[in-house]
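1. Below: sequence and its predicted model.
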Amino acid sequence: MTITAEDWVRRIEEVLDKFNLSKEEYWKDPDKFYENIKDEEIRAFLWWVREMC
């Protein structure tokens, strides 16, 4: 199965929505946003969708 860029963006935004995180802030600087997350559960979900999807 091929994952398109649109699929990847949609999945990231689903995780952001799940945890009530700002999509606008995420897309400004995804790496900085990720590094500033303290909650390990959120980091794990976001890491998985960024790296595995």
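-> That came in fine, so what should we check first? Numbering: from 1, shown residues only.
2. Spit out the contact partners of residue 53.
-> Going by Cβ atoms under 8 Å, 6 or more residues apart in numbering, residue 53 touches 3, 7-8, 11-12. For the C-beta atoms, the positions are set from N, CA and C on the backbone; glycine is no exception.
3. what do you get if the cut-off is 6 Å, keeping everything else the same?
-> By Cβ atoms under 6 Å, 6 or more residues apart in numbering, the contact set of residue 53 is 8, 11.
4. And the pLDDT at residue 39?
-> At residue 39, the predicted lDDT confidence score is 97.
5. And for the nearest residue to it once chain neighbours are set aside, the neighbour number?
-> Nearest residue to residue 39 in three dimensions, chain neighbours excluded: residue 19, at 7.8 Å (Cβ to Cβ, 6 or more residues apart in numbering). Number of residues near residue 19 (other Cβ atoms under 10 Å) recorded here: 12.
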